[in-house]
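Participant: Structural data only, the sequence is not supplied:
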């Protein structure tokens, strides 16, 4: 029962997913919209509750056992608790029961998002520029034909999309566009075919109950 | 020099510098900023799901408007939380099965349509494809290169036979196309990251310290 019910449900749900594509009739689409907009969106919200529960459990456990760098877990918990309370009771547009300004200092959830989440996310991605440059340098040291092609294409694309590229040669932007449209498309399309076949095969294995890793351990 | 007096700009700047300090090496400032980021991002997530999904789609229609059909998603959703009760934790498989099953089912025809049929249509040598380049006779040449490139790339990923003879040659040609594709993607990604870095420096030197306009 512990495996049969989930495997039966995944088969039925999978069939409903396929049917939604092959029956575009309005009478069926009403049911399909209910599944997508009500059922699955609510399930995704509860999945987030589960994910957050796991996150909090991991950090409480880290603090309780005083694992390495446990002090920083307090920071995460305080930041999470404060922003969740501000967001839940202060409202998305600062329209909740909790006041979200002190004088002219706003601290509503949108302000927190714009001044903490966005700048830190962009800083982390900006940081990757340096690591990518160092990866490119290491790849170039290999001195193989493949590494040279990769870096050559990357270098031409980088220069070609800048105004500097046009200053070097007025044909360079056109050449970059040709690289993107012809050899790049050929290579990417070959890879996309492989990925697509893999996606279809794996999806079928999941729906038909051949692939069962998602059931997790235990009975 | 015109330093900002906005406390939020100071907070953003100090936290951004803490993240960028990772360039030197991993340090407590980076760790602190990283944990604050995770905490606030997840707090925002809770807010978003509560105010944008759970309240308008589930709780308000169910408890205020009496839409009893919503008892179904509510009950199935609650089963996610059984994960924390070891005796009945297997029930978490039910919402996972429904969610994953539906989207996996949707994925099959969508993938076949968009990533196989449409891509084959764009690859085969037809007059419509020749003309789609808007390059006159060169359109035929570009289409032939794409056609050969796709076949050679596929042969490179064909591992059921040893890459010798004809397959050896085609796979060598295939890797050329693959590497150019990776290079182009790499170049674009680096440019995107550099533009983020430039934006970050403009924020720190302009909005925060007022050194540049």
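Facilitator: Yep, it's here. Source: prediction; values computed, not measured.
Participant: any idea which helix or strand carries residue A:134?
Facilitator: Taking DSSP states H and E as the definition, one finds residue A:134 inside helix A:118-142.
Participant: ok, then the element right after that helix?
Facilitator: That would be, after helix A:118-142 and using DSSP H and E, helix A:145-160.
Participant: ok, and what's touching that next one?
Facilitator: A:136, A:139-140, A:165, A:168, A:172-173, A:175-177, A:179-180, A:183-184, B:175-176, B:179-184, B:186-188, B:190-191 (CB atoms under 8 Å, 6 or more residues apart in numbering or on different chains). Just so you know, the C-beta spots here come from the backbone N, C-alpha and C atoms, and that holds for glycine as well.
Participant: Please indicate which of those residues are buried?
Facilitator: A:136, A:139, A:165, A:172-173, A:176, A:179-180, A:183-184, B:175-176, B:179-184, B:186-188, B:190-191 (16 or more other CB atoms under 10 Å in any protein chain shown).
Participant: is it true that residue A:10 touches residue A:204?
Facilitator: No - in this structure, residue A:10 is not within contact of residue A:204 by CB atoms under 8 Å, at 11.8 Å.
Participant: out of these two, which sits in the more crowded spot?
Facilitator: residue A:10 (29 against 15; other CB atoms under 10 Å in any protein chain shown).
Participant: tell me the pLDDT at that one?
Facilitator: pLDDT, residue A:10: 95.
Participant: Report the mean confidence score over the lengthiest helix in chain B.
Facilitator: In chain B, ranked by residue count with DSSP state H as the criterion, the top helix is helix B:165-202. In this model, helix B:165-202 has a mean pLDDT of 92.
Participant: anything in the helix holding residue A:134 near chain B?
Facilitator: Yes - shown here: helix A:118-142 in contact with chain B (CB under 8 Å from any CB of the partner chain) through A:119-130, A:132-133, A:136.
Participant: With stretch A:181-191 instead?
Facilitator: Yes - for stretch A:181-191 and chain B, the contact criterion (CB under 8 Å from any CB) is met by A:181, A:182, A:183, A:184, A:185, A:186, A:187, A:188, A:189, A:190, A:191.
Participant: Let's see if you can find the most crowded of those residues.
Facilitator: residue A:187 leads these on contacts (other CB under 10 Å) with 29 neighbours.
Participant: ok, now how distant is that one from residue B:144?
Facilitator: 15 Å (CB to CB, to the nearest Å).
Participant: what about residue A:116, how many residues close to it?
Facilitator: 25.
Participant: Please read the previous query as pertaining to residue B:135.
Facilitator: 15.
Participant: And residue B:112, by the same measure?
Facilitator: So residue B:112, with other CB under 10 Å, has 16 neighbours.
Participant: From the residues of helix A:118-142 next to chain B, list the buried ones, please.
Facilitator: Counted by 16+ other CB under 10 Å, those give A:119, A:120, A:122, A:123, A:124, A:126, A:127, A:128, A:129, A:132, A:136 as buried.
Participant: Leaving out the residues flanking it, which one is nearest to residue B:93?
Facilitator: residue A:6 (3.8 Å; CB to CB, 6 or more residues apart in numbering or on different chains).
Participant: any idea which helix or strand carries the one you found?
Facilitator: helix A:4-22.
Participant: Give me the contacts around that helix.
Facilitator: A:28-29, A:32, A:35, A:203, A:206-209, A:212, A:215, B:93-94, B:96-110, B:113.
Participant: chain center to that helix: distance?
Facilitator: 25 Å (CA atoms, centre = their mean, to the nearest Å).
Participant: In chain A, which residue is most central in space?
Facilitator: With distances taken as CA atoms, centre = their mean, residue A:121 lies nearest the centre of chain A, 12.9 Å away.
Participant: separation between it and residue A:114?
Facilitator: 11 Å.
Participant: Also residue A:211?
Facilitator: Distance from residue A:211 to residue A:114, by CB to CB: 42 Å.
Participant: what residues are up against residue 209?
Facilitator: No chain was given, so I picked chain A. Applying CB under 8 Å, 6+ apart to residue A:209 gives the contacts A:7, A:10, A:11.
Participant: my bad, chain B
Facilitator: Counted by CB under 8 Å, 6+ apart, residue B:209 has contacts B:1, B:3, B:4.
Participant: What does residue A:108 show for phi and psi?
Facilitator: phi -70, psi 170 (degrees, to the nearest 10).
Participant: who are the neighbours in contact with the residue minimising distance to the centre of chain B?
Facilitator: Centroid check for chain B by CA atoms, centre = their mean gives residue B:189 as the closest residue, at 12.8 Å. Taking CB under 8 Å, 6+ apart as the contact definition, residue B:189 lies against residue A:132.
Participant: 10 Å instead?
Facilitator: A:125, A:128, A:129, A:132, A:154 (CB atoms under 10 Å, 6 or more residues apart in numbering or on different chains).
Participant: sorry, back to before: nearest spatial neighbour of the residue nearest to the centre of chain A, chain-adjacent residues omitted?
Facilitator: Closest to residue A:121 by CB to CB, 6+ apart is residue B:37, at 7.4 Å.
Participant: Assign that neighbour to helix, strand or coil.
Facilitator: helix (DSSP: H, G, I helix; E, B strand; the rest coil).
Participant: Give me the number of neighbouring residues for it.
Facilitator: Counted with other CB under 10 Å, the neighbours of residue B:37 add up to 23.
Participant: Make sure it is actually in contact with residue A:115.
Facilitator: No - here residue B:37 lies out of contact with residue A:115, judged by CB atoms under 10 Å, at a distance of 11.7 Å.
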